[in-house]
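**Student:** Build me a structure from this.
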Amino acid sequence: IFYPLDFIRQQAIIHTLKFKIPTTMPDKTMYLTDEGYKKIKDELEHLKKVRRPEIANRIKEAKELGDLAENAEYADAREEQSFTEGRILELEDMMKNAQVIDSKASVPNQVDIGDTVVVEKDGASLTYTIVGSNEADPKNGRISNESPLGEAFLGKKKGEAVNVKTPKGQVVYKIASIKS
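**Tutor:** Have a look, this model is predicted:
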């Protein structure tokens, strides 16, 4: 038996309610670069066009094996289906609340989301790109606009000193350059 997508979505919603998984995020603007938006869009398309049919086929094959009560394949496929449907809902919500960052629209010589900032701290030069929270990757120099460091840099201009409160105390950064 092949289930229509409405039934699959209904089952995913029941699963998320059963385990109290939030199905949507609060309506909060999500800042994304073009690259980040494309990644979300590509993942959503892959889940809808590739994973959904694969999982539906696995469920169909598992049902043909017989008794569903003792069918591990069936249970595994249904669990994967619930996870996939939950992820689809999450990605759709992200896209609904997404605001793609246009670095050309930012104020020149002032730090904004999407800008790459070179700062000096204790004689060392550090480079950060200010991105939305979903794209943050501090190890690779991509910091969230909501992080203490990202928040402190926003709106500052080249040459300004920025005081950032950290667990170890105040740290001073000097903005050396800004690339939009």
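**Student:** residue contacts, residue 68?
**Tutor:** Contact analysis of residue 68 by C-beta atoms under 8 Å, 6 or more residues apart in numbering lists 62, 74. Where C-beta positions appear, they are placed from N, C-alpha and C, glycine not excepted.
**Student:** whoops, I mixed them up, residue 173
**Tutor:** By C-beta under 8 Å, 6+ apart, the contact set of residue 173 is 119, 120, 121, 126, 149, 152, 153, 161, 162, 164.
**Student:** Just say helix, strand or coil for the residue most central in space within the chain.
**Tutor:** The structure's the chain has its C-alpha centroid closest to residue 134; by C-alpha atoms, centre = their mean the separation is 3.5 Å. Reduced to three states with DSSP: H, G, I helix; E, B strand; the rest coil, the structure at residue 134 is helix.
**Student:** What distance do you get for the closest residue to residue 147 other than its chain neighbours to residue 114?
**Tutor:** In space, and not counting its chain neighbours, residue 147 is closest to residue 136: 6.9 Å by C-beta to C-beta, 6 or more residues apart in numbering. Plainly put, residue 136 is 13 Å away from residue 114 if you go by C-beta to C-beta, to the nearest Å.
**Student:** Between the two, point out the one with more neighbours.
**Tutor:** Just comparing residue 136 and residue 114: by other C-beta atoms under 10 Å the higher neighbour count belongs to residue 114, 23 against 17.
**Student:** so what's the closest residue to the more buried one other than its chain neighbours up against?
**Tutor:** Nearest non-adjacent residue to residue 114, counting by C-beta to C-beta, 6+ apart: residue 101, 3.7 Å away. If a contact means C-beta under 8 Å, 6+ apart, then residue 101 has 31, 32, 33, 34, 113, 114, 131, 132 as its contacts.
**Student:** give me that answer again for 10 Å
**Tutor:** 31-34, 36-37, 112-115, 130-132, 135, 145 (C-beta atoms under 10 Å, 6 or more residues apart in numbering).
**Student:** Give me the pLDDT value at it.
**Tutor:** Note on residue 101: pLDDT of 84.
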